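In: here is my input; please provide its structure:
(one chain, ligands or ions: 1)
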Amino acid sequence: MNYALVTGGSRGIGRAVCVKLAQMGYHVIVNYVSNDAEAEKTLELIKEAGSEGELLKFDVSNAEATLAAIEGWQEAHEGEFIEVVVNNAGIRKDNLLLWMEAEDWNRVLGIGLHGFYNVTRPLLQPMLVKKRGRIVNMASVSGLKGLPGQCNYSAAKGGMIAATKALAQEVGRKGVTVNAVAPGFIRTDMVEGLDEKALKGSIPLNRFGEPEEVAELVGFLVSDKAAYITGECISINGGLY
Ligand code: NAP
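Out: Okay, the predicted model is just below:
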């Protein structure tokens with residue numbers, strides 16, 4: 001059995017990635033933090049795609065809870081390992097830095113950046129031992145160029161892109177690739193409330209993207225066809241920079 005873990009897999013881009021990985025034959029471990037009904041729906045879609053999956057609920061920003069959940073899974077699956085991890089969980093809490101509360105700074109960094117560390121570190125050793133692994137980190141155009149009102153989010157995503165490049169150099173010799181994906185505006189709950197009509201004028205392809213379009217890119221990076229790509233951050237943004 002080939003196992004893949006997707007953080008924030010209950011909704012949006014994470015759900016579409018779960019379905020794509022299921023179509024590719026992975027047993028998909030769906031992480032999420034609170035939304036049981038949506039997570040169950042993702043699990044149904046995984047089964048409809050002809051594969052198997054399971055839910056693994058934990059807050060990626062909570063180091064102890066994350067380690068306990070991952071070690072619990074590993075103890076229950078002796079001799080097996082998670083060969084694909086998609087660090088997708090993320091939130092935004094936008095405000096000008098002048099007005100930004102420490103809580104909103106810490107929460108966005110806690111989930112977006114520390115979550116990457118909490119989830120990835122305990123999964124690394126088995127990948128290195130088996131000499132096989134794929135790590136895909138969900139960044140953002142905000143982490144590449146910086147966006148006003150998103151100092152916290154830009155910092156989390158920019159940090160994730162830098163960590164992607166550093167880790168790729170640490171583990172490349174062991175057959176593990178590490179890449180980031182940087183979406184622009186993708187139609188999910190996260191962009192609810194944004195004025196698509198007004199914003200799409202700034203996007204050369206003149207529309208928001210769909211979660212499934214991002215999932216196709218993640219699927220490619222996970223596949224054998226992408227075996228020589230590592231340390232990259234690939235934009236998927238309709239031409240918006
Ligand atoms: P979304 O629809 O808001 O879904 C967020 C997902 O993250 C949900 O599954 C949620 O679980 C999970 N999550 C939130 N906090 C978590 C935590 N502490 N621990 C574990 N899971 C947690 O978001 P999305 O638009 O699909 O975004 C997915 C990723 O793409 C994020 O990293 C986001 O920054 C990035 N991104 C999105 C866009 C965009 O335009 N949508 C653009 C660039 C980058 P629950 O269902 O349990 O709440």
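In: could you identify the helix or strand that succeeds the longest strand seen in the chain?
Out: Determined from DSSP state E, the single longest strand within the chain is strand 176-183. Once the chain leaves strand 176-183, the next helix or strand it forms, by DSSP states H and E, is helix 196-199.
In: that following helix packs against which elements?
Out: Under the contact definition 3 or more Cβ pairs under 8 Å, 6 or more residues apart in numbering; DSSP states H and E, helix 196-199 sits against no other helix or strand. Every residue, glycine included, has its C-beta placed from N, CA and C.
In: by contact count, what packs against the very next helix or strand once past that helix?
Out: With elements assigned by DSSP H and E, the helix or strand that comes after helix 196-199 is helix 211-222. Contact here means 3+ Cβ pairs under 8 Å, 6+ apart; on that basis helix 211-222 packs against helix 12-23, strand 82-87, strand 133-138, strand 176-183, strand 233-236.
In: between these, which one is nearest to the ligand?
Out: Proximity to the ligand (Cβ to the nearest ligand atom) singles out helix 12-23 among the helices and strands packed on helix 211-222, at 2.2 Å.
In: how about residue 196, nearest residue that isn't a chain neighbour?
Out: residue 208 (5.6 Å; Cβ to Cβ, 6 or more residues apart in numbering).
In: ok, is the least confident helix or strand in the chain by mean pLDDT in contact with the ligand or not?
Out: Using mean pLDDT, DSSP states H and E, helix 196-199 stands out as the lowest-scoring helix or strand of the chain, at a mean of 92. No. Helix 196-199 lies out of reach of the ligand by Cβ under 6 Å from any ligand atom, never closer than 10.4 Å.
In: contacts for that helix, please.
Out: 185, 187, 208 (Cβ atoms under 8 Å, 6 or more residues apart in numbering).
In: in space, what's closest to residue 1 - neighbours in sequence excluded?
Out: Residue 1's closest residue in space is residue 27 (Cβ to Cβ, 6+ apart), at 5.2 Å.
In: who are the contact partners of the most centrally placed residue in the chain?
Out: Most central in the chain under Cα atoms, centre = their mean is residue 88, positioned 1.7 Å from the mean C-alpha point. By Cβ under 8 Å, 6+ apart, the contact set of residue 88 is 6, 7, 8, 9, 13, 14, 17, 138.
In: thanks again, I'm all set now.
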